[in-house]
Each structure stands twice: as C-alpha cells, then as structure tokens.
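Colleague: quick one: sequence and predicted model below, then my questions.
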Amino acid sequence: MARITAGIGSSHVPLLGVAVDQGKTGDEYFGPIFQGYEWTRTWLETTAKPDVVILVYNDHASAFDANIIPTFAIGCGDVYKSADEGWGPRPVPDVEGHAGLAWHIAQSLILEEFDMTIINEMDVDHGLTVPMSMMFGAPAAWPVRVVPLAVNVVTYPVPSGNRCWALGEAIARAVQSFPEDLNVQIWGTGGMSHQLQGPRAGLLNREWDNRFLDLLETAGDAARHIPHIEYLRETGSEGIEMVMWLIMRGALGHAVTRLHRHYHIPCSNTAIGHIVLEPA
Ligand code: DHB
Ligand code: FE
C-alpha cells in the first residue's frame with residue numbers, strides 16, 4: 001500500500017535555481033539560504049528516501065497562459081522537461097513522472113468531486129524544478145519520481161485555502177488506496193511573503209510568515225480559514241502562493257510533528273522559508 005510519510009513546504013525562488021546552476025550556493029549571499037536546506041537534504045538522502053513526490057506548485061505562464069487556466073491540474077505523463085522561461089531551459093535532469101499513481105489519484109479525486117484537469121504533456125518551470133534543486137542539489141538524475149500538481153494562483157479567482165486543504169485530505173485518501181508499496185511525500189511550494197510588482201514591490205512580512213509556519217505545525221486546521229485578502233494585504237500579491245502549502249498540510253492529517261524549519265530574509269525580492277512535517 002502506498003502511504004504519505006512526510007510533507008515539505010518550501011519557497012521556489014527562481015534565483016536559487018540560478019545559484020545552483022552557476023555553482024554559487026556557498027557564497028556570502030546564498031550560503032545562509034542553502035545552509036537552511038542542508039538538514040533536509042541529508043534527511044531525504046539517508047532517512048526519508050521517498051519513492052515519489054506529489055509536488056504541488058504553480059506554473060508561471062510557462063505551460064499555461066491566459067488561454068487556459070486550470071484551477072487544479074495533475075500531471076499523468078511519464079516525463080516532463082524543464083521549461084524555457086526566457087533564458088533557455090534550466091540544465092536540470094528531466095523529471096520522471098509516475099503515470100500509474102497519477103492516474104489513480106486523478107480518478108480518486110474526480111470521483112470524490114474534485115474536478116481535476118489531466119495533463120499528459122507539459123514542461124515544468126521554476127515552481128517545480130527549484131524545490132527539486134533545493135532538496136537534491138545537482139544530480140545526474142533526480143532520485144525520485146514526481147507527480148506534478150499545478151494550482152492556479154496567478155489569475156483571480158484562485159482556490160480558497162479551505163478548498164486546498166480539502167484537496168490535500170482527498171489526495172491522502174487516494175494515495176492510501178493505491179495498491180503498490182510506495183513511500184510518497186507531498187510538497188507544497190511558493191511564497192513566502194513577496195510582491196514582485198506595483199507600488200508595494202519588495203514587501204516582506206517576517207512576523208506573518210512565522211505565524212503561518214506556527215499554524216502549520218501546531219494549530220490543527222486553523223490555517224485553512226485564512227481569507228485571500230489577508231494573504232494579499234499581509235504578504236503581497238504573490239504571497240497567495242502559500243495556499244499551496246495547505247494542500248500539503250491537509251494531506252498530513254490533524255496533528256503533525258515538525259522535523260525542521262528554516263526562514264531567511266531576503267532572497268531576491270522574497271522571504272524564503274521551508275518546513276518539514278510528519279504525520280503525528
Ligand atoms: C520570484 C518568482 C516566483 O515565482 C516566486 O515564487 C518568488 C520569487 C522572482 O521572480 O523573484
Ligand atoms: Fe512563484
């Protein structure tokens with residue numbers, strides 16, 4: 001039987017992909033950011049060893065654009081290539097999918113009345129590849145298979161935190177009913193506070209971000225009820241990406257144990273954070 005053994009929330013800042021690709025992860029600027037991921041990298045390699053990651057992220061107008069805006073899309077293909085975001089595709093390995101598990105999750109979710117968009121072919125952008133680089137460095141091949149789960153957090157209306165949490169709960173049920181013996185993790189990416197454009201560009205909110213991390217570790221399902229307007233006011237226009245962390249958190253059940261937590265300001269124009277949680 002497949003099971004979700006852990007969840008990770010993490011920012012997916014594109015500049016960090018550049019740092020990995022250009023070998024700058026140890027310099028004065030990037031060093032403190034990457035040091036915060038060292039615990040997680042070691043844990044993944046030596047202890048956690050997931051077979052598959054359900055990687056919740058958003059596409060940033062790479063695979064989708066204003067012509068097609070799926071609220072929730074699941075990648076059911078065998079392989080995904082790194083998207084060209086304007087400077088050529090990142091030099092990272094192809095991402096190997098898990099079509100069997102992905103189709104099973106899609107069926108389970110749709111029969112539970114979550115109207116997923118099924119994607120068989122797409123390129124994946126920094127929302128997916130940067131967390132892979134943060135967790136696994138720069139290997140010749142990624143050590144896990146990935147089920148990409150793309151969420152629209154770019155074009156209003158985006159899904160509520162409550163809906164995201166409920167989707168996470170349904171994903172956990174879907175994984176549990178998959179007969180193959182698989183160690184599955186779920187990652188939620190994006191955030192933390194940041195606004196990339198407009199008069200408030202550069203907005204960061206250390207206090208709010210840390211309260212959000214506190215809520216994820218300690219407060220049952222309280223975080224699911226944070227309204228959109230609070231993310232926008234307190235964490236900037238792109239802070240809304242954090243609703244994707246709630247899909248991860250919803251999949252872990254009521255109580256969790258925190259294994260690791262890291263927060264750093266600034267990283268590019270954003271606050272970067274990550275948290276590693278296990279179902280209690
Ligand atoms: C940036 C882009 C992102 O998608 C994000 O989540 C954080 C930062 C950026 O362009 O700096
Ligand atoms: Fe983003």
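Modeller: Perfect, thanks for sending it. Ligands and ions are numbered 1, 2, ... in the order given.

Colleague: give me the distance between the two termini of stretch 84-104.
Modeller: 30 Å (Cα to Cα, to the nearest Å).

Colleague: buried ones in it?
Modeller: Buried residues in stretch 84-104, counted by 16 or more other Cβ atoms under 10 Å: E85, R90, V92, P93, V95, E96, G97, H98, A99, L101, A102, H104. In this view, the C-beta of every residue, glycine as well, is placed from N, C-alpha and C.

Colleague: now stretch 124-143
Modeller: So for stretch 124-143, counting by 16+ other Cβ under 10 Å, buried means 124-136, 142-143.

Colleague: hang on, I54 is in a helix, isn't it?
Modeller: No: if the criterion is DSSP: H, G, I helix; E, B strand; the rest coil, then I54 is strand and not within a helix.

Colleague: let me see the contact set for it.
Modeller: Going by Cβ atoms under 8 Å, 6 or more residues apart in numbering, I54 touches I4, I105, V146, V147, L149, I171, V175, V184, Q185, I186, W187, A251.

Colleague: in this structure the last one contacts I186, no?
Modeller: So the one you mean is A251. Yes: in this structure, A251 is within contact of I186 by Cβ atoms under 8 Å, at 4.8 Å.

Colleague: show me the buried residues of stretch 84-104 that map onto strands.
Modeller: V95, E96 (DSSP state E).

Colleague: excluding chain neighbours, what is closest to the residue of the stretch 151-280 of the chain found nearest ligand 1?
Modeller: Residue nearest to ligand 1 within the stretch 151-280 of the chain (Cβ to the nearest ligand atom): S268, separated by 4.1 Å. Excluding the flanking residues, the one nearest S268 by Cβ to Cβ, 6 or more residues apart in numbering is L15, at 4.2 Å.

Colleague: pLDDT on the helix or strand encompassing the one you found, on average?
Modeller: Assigned by DSSP states H and E, L15 belongs to helix 14-21. Mean pLDDT, helix 14-21: 97.

Colleague: check which element follows that helix along the chain.
Modeller: Taking DSSP H and E, what comes next after helix 14-21 is helix 31-35.

Colleague: can you give me the buried ones in whatever helix or strand comes next after that next one?
Modeller: From helix 31-35 onward toward the C-terminus, using DSSP H and E, the following helix or strand is helix 38-43. For helix 38-43, the neighbour count (16+ other Cβ under 10 Å) marks T40, W43 as buried.

Colleague: residues from the stretch 1-150 of the chain in reach of ligand 1?
Modeller: Neighbours of ligand 1 within the stretch 1-150 of the chain, by Cβ under 6 Å from any ligand atom: H12, V13, P14, L15, H60.

Colleague: so which of the residues you listed is surrounded by the most neighbours?
Modeller: In terms of neighbours by other Cβ atoms under 10 Å, those top out with H12 at 28 neighbours.

Colleague: ok, G236 - contacts?
Modeller: S193, H194, Q195, R200, L203, L204, N205.

Colleague: let's see that with 6 Å instead.
Modeller: S193, H194, Q195, L203 (Cβ atoms under 6 Å, 6 or more residues apart in numbering).

Colleague: nearest to P157, of those residues?
Modeller: Lowest distance from P157 to the contacts of G236 (Cβ to Cβ) belongs to Q195, with 18.9 Å.

Colleague: just confirm S133 is within a helix.
Modeller: Yes: S133 forms part of a helix when assessed by three-state DSSP.

Colleague: what about the strands in the stretch 101-250 of the chain?
Modeller: 117-119, 123-124, 145-151, 183-189 (DSSP state E, counting those that start in this stretch).

Colleague: now mean pLDDT too, for these, in TSV please.
Modeller: Output for the strands of the stretch 101-250 of the chain, formatted as TSV (pLDDT from 0 to 100):
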stretch	mean pLDDT
strand 117-119	98
strand 123-124	98
strand 145-151	98
strand 183-189	98
